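Student: sequence unavailable; structure follows:
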């Protein structure tokens, strides 16, 4: 357990020094400030849209984080931990930490703006289900994004351009899957493999409050996709090795 | 301890390792020699389980702690001290003990003044020292050395040899990919030559019987070193020195003179002190 904790701490140090989080963070803050520049807005709708935004940003982070740790250093650590699975698990936990931080920022920004603006940002007052429901939705969307961004790891997909292209395609289809299926019904037999981000978010559009039952349903659905992608990535990396 | 059964490795349909079988016993120190790109590093990584063989199996008696000194240690933003500290903590070494260990190793390898330097600013030789120190933070079961001395200064090379021999006494298995005969002679008890993917045992006496010469060259202007001798080269003040086999002395001298270098001296390595042998 201590080894896992220390590996995550090491990954944190490496990531912070790489500064690869700066651009995604600027984009997140910029988009949030634009989103909340008009008042009043619906809490549920804004938080749901933020889920999509976090998904896209975490796809970006998942793609760029791959270059942070040199391959040789990864080899040294895998041998040190005596398990490649343990090393990859540490990385997934670290990604979850990034998801948590970005979700926290995405909730904190509107809350602060709401307080600063004299409680006029939203059409109604905050209740606990907004924070819990919205937070869980954002967190799971960002987790799925992170795992989707890492799925075509540079060791799994040696052709970097193809890897980036496929990652972009998954992100795009996940965001507009609903619309594509509405237009071409037969696509549902293919697009079920794509994370249902747009489907889950659509459950909350035009809703005044977060229904915790629906939040849990979305959470479980997205978690399944996220976990499947994480397991696929780990097992593929273990198979291709270095 | 570790058994390699009919290991085959192909890269882009080119066979790098062909049907390699061997048994690695407890406490052995094995050196693998051969041309650049002949598959020595790949073989080390296959033994450690970092590279998947195309065919064949590697069987381990139990789960071993491998430590690995790569040929090119990567440049990073972290300071050397921070990196070593993180690696030691990952292995569960207590903080006080770890700090002592890092201080002691950095002192041994003349690295104390560079501990707080970001690794991206370290020279190749200094980075290599970080690579060696991280592997010595804790005593492993098996130590993999991939060209461990590349770029290191003479004094550090001797420290390295002493430390490796101390590990051997503790029963650590050392598997090394190496070109330097004096290093093989100093720390290995078994040598294999890897040629065209085939592994053959080498009589160490043959290595010892080869005569090695150190040639010193100086130059005023910027002269290049012929590509094939770069692996034998070490730059020194006002020039460079090359360590070559007796049979290559004439051709090296001629090619270096043609490249604009001036020959300033040539010595039989055996006539020099062991600590002077540096390449």
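Tutor: Looks like it arrived, so ask away. For clarity, every value in this text was computed on a predicted model and none was experimentally measured.
Student: report the distance from stretch A:107-123 to the chain centre.
Tutor: Distance of stretch A:107-123 from the chain centroid (CA atoms, centre = their mean, to the nearest Å) equals 24 Å.
Student: need the residues that contact it.
Tutor: Stretch A:107-123 is contacted from outside by A:29, A:32-33, A:36, A:39-43, A:46-47, A:125-126, A:131, A:134-135, A:138, using CB atoms under 8 Å, 6 or more residues apart in numbering or on different chains. Just so you know, the C-beta spots here come from the backbone N, C-alpha and C atoms, and that holds for glycine as well.
Student: now, which of the residues you listed lie close to chain B?
Tutor: When contact is defined as CB under 8 Å from any CB of the partner chain, these do not meet chain B at all.
Student: so how do I select the buried members of those in ChimeraX?
Tutor: Buried residues among the contacts of stretch A:107-123 (16 or more other CB atoms under 10 Å in any protein chain shown), as a ChimeraX selection:
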select /A:32,36,41,42,43,46,47,126,134,135,138
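Student: cross the contacts of stretch A:107-123 against helices and list the overlap.
Tutor: The helices, defined by DSSP state H, take in A:29, A:32-33, A:43, A:46-47, A:131, A:134-135, A:138 from the contacts of stretch A:107-123.
Student: with pLDDT and distance to residue A:196 added, can I get these in JSON lines?
Tutor: Listed next are the ones in helices among the contacts of stretch A:107-123 as JSON lines, based on pLDDT from 0 to 100; distance: CB to CB, whole Å:
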{"residue": "A:29", "pLDDT": "97", "distance to residue A:196": "27"}
{"residue": "A:32", "pLDDT": "97", "distance to residue A:196": "24"}
{"residue": "A:33", "pLDDT": "95", "distance to residue A:196": "28"}
{"residue": "A:43", "pLDDT": "94", "distance to residue A:196": "22"}
{"residue": "A:46", "pLDDT": "95", "distance to residue A:196": "20"}
{"residue": "A:47", "pLDDT": "96", "distance to residue A:196": "18"}
{"residue": "A:131", "pLDDT": "93", "distance to residue A:196": "24"}
{"residue": "A:134", "pLDDT": "96", "distance to residue A:196": "18"}
{"residue": "A:135", "pLDDT": "97", "distance to residue A:196": "19"}
{"residue": "A:138", "pLDDT": "97", "distance to residue A:196": "16"}
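Student: what residue of chain A is the furthest out?
Tutor: Going by CA atoms, centre = their mean, the residue of chain A most distant from its centre is residue A:118, 31.2 Å out.
Student: the stretch 1-150 of chain B: strands as residue ranges?
Tutor: For the stretch 1-150 of chain B, the strands defined by DSSP state E, counting those that start in this stretch occupy B:2-11, B:14-24, B:29-33, B:55-60, B:66-69, B:142-146.
Student: separation between residue A:3 and residue B:65?
Tutor: Separation of residue A:3 from residue B:65 (CB to CB, to the nearest Å): 12 Å.
Student: ok, those two, which is more surrounded?
Tutor: Comparing residue A:3 with residue B:65 by other CB atoms under 10 Å in any protein chain shown, the one with more neighbours is residue A:3, at 19 against 16.
Student: isn't the more buried one up against residue A:87?
Tutor: No: between residue A:3 and residue A:87 there is no contact under CB atoms under 8 Å: 9.7 Å.
Student: which residues of the chain fall in helices?
Tutor: Just so you know, I chose chain A. For chain A, applying DSSP H gives helices covering A:2-18, A:22-35, A:43-64, A:71-81, A:84-116, A:128-151, A:160-183, A:188-191, A:197-202, A:212-240.
Student: chain B is the one I meant
Tutor: Taking DSSP H to define them, one finds helices in chain B at B:40-48, B:80-90, B:95-108, B:124-135, B:154-169, B:181-187, B:204-209, B:249-258.
Student: for the residue sitting nearest the centre point of chain A, what are its contacts?
Tutor: With distances taken as CA atoms, centre = their mean, residue A:142 lies nearest the centre of chain A, 1.7 Å away. When contacts are counted by CB under 8 Å, 6+ apart, residue A:142 is found next to A:51, A:54-55, A:57-58, A:98-99, A:102-103.
Student: repeat that for 7 Å
Tutor: Going by CB atoms under 7 Å, 6 or more residues apart in numbering or on different chains, residue A:142 touches A:54-55, A:58, A:99, A:102-103.
Student: then residue B:68?
Tutor: Going by CB under 7 Å, 6+ apart, residue B:68 touches A:75-76, A:79, B:48, B:135, B:144.
Student: from the residues you listed, pick the one nearest residue A:204.
Tutor: Proximity of these to residue A:204 (CB to CB) peaks at residue A:75, which lies at 44.3 Å.
Student: how far away is that closest one from residue B:74?
Tutor: For residue A:75, the distance to residue B:74 (CB to CB) stands at 10 Å.
Student: the two: who's more crowded?
Tutor: More crowded of residue A:75 and residue B:74, by other CB under 10 Å: residue A:75, with 22 against 17.
Student: you'd agree the more buried one is up against residue B:44?
Tutor: No: Residue A:75 lies out of contact with residue B:44 (CB atoms under 7 Å); the separation is 10.5 Å.
Student: measure the residue lying closest to residue A:80 once chain neighbours are set aside to residue B:53 for me?
Tutor: Once flanking residues are discounted, residue A:80 sits nearest to residue B:90: 5.6 Å by CB to CB, 6 or more residues apart in numbering or on different chains. For residue B:90, the distance to residue B:53 equals 27 Å [CB to CB].
Student: equivalent analysis for residue B:244, please.
Tutor: For residue B:244, the distance to residue B:53 equals 35 Å [CB to CB].
Student: now residue B:246. Nearest residue, chain neighbours left out?
Tutor: residue B:211 (4.1 Å).
Student: I'd guessed the one you found sits against residue B:247; true?
Tutor: No: between residue B:211 and residue B:247 there is no contact under CB under 7 Å: 8.7 Å.
Student: which residues are in contact with whatever residue of the stretch 151-279 of chain B ends up closest to chain A?
Tutor: Residue of the stretch 151-279 of chain B nearest chain A, by CB to the nearest CB: residue B:175 (12.4 Å). Residue B:175 is in contact with B:30, B:44, B:47, B:142, B:144, counting by CB under 7 Å, 6+ apart.
Student: same thing with residue A:206?
Tutor: Taking CB under 7 Å, 6+ apart, one finds nothing in contact with residue A:206.
Student: can you rerun that using 10 Å?
Tutor: Going by CB atoms under 10 Å, 6 or more residues apart in numbering or on different chains, residue A:206 touches A:42, A:44-45.
Student: I'd guessed residue B:266 sits against residue B:211; true?
Tutor: No: between residue B:266 and residue B:211 there is no contact, the gap being 11.9 Å when judged by CB atoms under 10 Å.
Student: looking at the two, which is more packed in?
Tutor: Taking other CB under 10 Å, residue B:266 and residue B:211 do not tie; residue B:266 has more neighbours (15 against 11).
Student: so what's the more buried one bridging to?
Tutor: Judged by DSSP bridges, the bridge partners of residue B:266 are residue B:215.
Student: let me know the pLDDT of it.
Tutor: As predicted, residue B:266 sits at a pLDDT of 89.
Student: in contact with it, which residues?
Tutor: The contact partners of residue B:266, by CB under 10 Å, 6+ apart, come to B:213-217, B:242, B:244, B:249, B:252-253.
Student: repeat that for residue B:256.
Tutor: Taking CB under 10 Å, 6+ apart as the test, what residue B:256 contacts is B:215, B:217, B:219, B:223-226, B:229, B:233, B:240, B:242, B:262-263.
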